[in-house]
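Engineer: quick one: sequence and predicted model below, then my questions.
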Amino acid sequence: MQVDSGGIKLNVELHGPEEGKPVLLLHGFPDTGRVWSRQIAPLTEAGFRLIIPDQRGYGRSDKPSDIEAYKIAALAADPVAILDRLGLEKAAVVGHDWGANVAWSMATFAPQRLDRLAVLSVGHPSVRRPGNILERQRTWYMLLFQFEEIAERWLSGNEWTNFRNLFRHPDADAVIAELQASGSLTPAINWYRANVHPRVLVEPPPELPKITVPTMGMWGSADFNAGDERMAGSHEFVAAPWRYERLDGPGHWLQWEAPDEVNRLLLDFLTS
């Protein structure tokens, strides 16, 4: 189905019984809703109704050209519009990577629309990143992404060699094919341009209301993007039951690299 969110058309897939408990799955960079494909069967067989959008800028959803259209407030309004379109008062929300940022923001500013929150790989935005050089090295590409056209050329040149080497995505061929076919590369990078200005390196993290719904965070020990400090420290910003699951072995794309473990944890959390 397609959902209108302030004039932006979002492509949304629905799986599972209509009467099932709704679970909204939000992907991040550089994926589409397809990144959750290994969760569909286990969760729907358990009776859940899955709502899986291509977020704005990705896949079959609209790709506004204005960078301001990717500000986090607009991104967090999209899942609310999806719930409204489906006539749902609330849902469990699961987010990965940028989808985790969207989920954190939704839980912060529209907590009445969630009954619980699960975030993969990316912790609460108010947790200060360690200032050591290793942490800066992990996220240097966010500065590169501020340079329009240059970042796109660097990532896609030489048959996407830099993209493959930097992110080590476990499904790189399919992801690259999708980025090329849908023209999603620049819109995907615009999420960073709209929200991760270089000044965030020197400014204090935002002061936000605490999360008031039960929350679970997952992080993989081989994550290229960050150590576990941000996820582990998220408990300070959750005024509700908090659960942290550290998975030894998998990297950033937990739901793809360790689907059995992720599915087990999600089912346990969503049914508890």
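Structural biologist: Cool, the structure landed. Numbering: from 1, shown residues only.
Engineer: any idea of the mean pLDDT in stretch 93-101?
Structural biologist: For stretch 93-101, the mean pLDDT works out to 98.
Engineer: could you do stretch 23-34 as well?
Structural biologist: 98.
Engineer: give me the pLDDT for Asn132.
Structural biologist: Asn132 is given a pLDDT of 60.
Engineer: and Pro198, by the same measure?
Structural biologist: Reading off the model, Pro198 has pLDDT 84.
Engineer: identify the residue spatially nearest to it, adjacent ones excluded.
Structural biologist: Leu143 (6.0 Å; Cβ to Cβ, 6 or more residues apart in numbering). Any C-beta I mention is one placed from the backbone N, CA and C, and that applies to glycine too.
Engineer: next: Pro209.
Structural biologist: Nearest to Pro209 is Thr108, by Cβ to Cβ, 6+ apart, at 5.8 Å.
Engineer: as a check, name the ranges of all strands in the stretch 101-250 of the chain.
Structural biologist: Assigned by DSSP state E, counting those that start in this stretch, the stretch 101-250 of the chain shows strands spanning 114-120, 215-220, 242-247.
Engineer: using CSV, list the CA coordinates for the first one.
Structural biologist: What it means is strand 114-120. Taking C-alpha atoms only, strand 114-120 is exported to CSV below (Å, rounded to 0.1, in the frame of the first residue of the first chain):
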residue,chain,number,x,y,z
LEU,A,114,4.1,3.1,21.0
ASP,A,115,3.5,0.2,23.4
ARG,A,116,7.2,-0.8,23.3
LEU,A,117,10.4,0.1,21.5
ALA,A,118,13.3,-2.1,20.2
VAL,A,119,16.4,-0.5,18.7
LEU,A,120,19.2,-2.3,16.9
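Engineer: mean confidence for that strand?
Structural biologist: 98.
Engineer: adjacent strands (with direction) for that strand?
Structural biologist: Using DSSP bridges, strand 114-120 pairs in its sheet with strand 91-96 (parallel), strand 215-220 (parallel).
Engineer: what's next to the last one, contact-wise?
Structural biologist: Outside of strand 215-220, the residues within contact range by Cβ atoms under 8 Å, 6 or more residues apart in numbering are 107, 116-121, 123, 228, 231-232, 234, 238, 240-247, 249-252, 254, 257-258, 262, 265, 269.
Engineer: tell me the buried residues within those.
Structural biologist: Listed as buried from the contacts of strand 215-220 are 107, 116-121, 123, 231, 234, 238, 243-245, 247, 250-252, 254, 257-258, 262, 265, 269; burial here means 16 or more other Cβ atoms under 10 Å.
Engineer: appreciated, that's everything.
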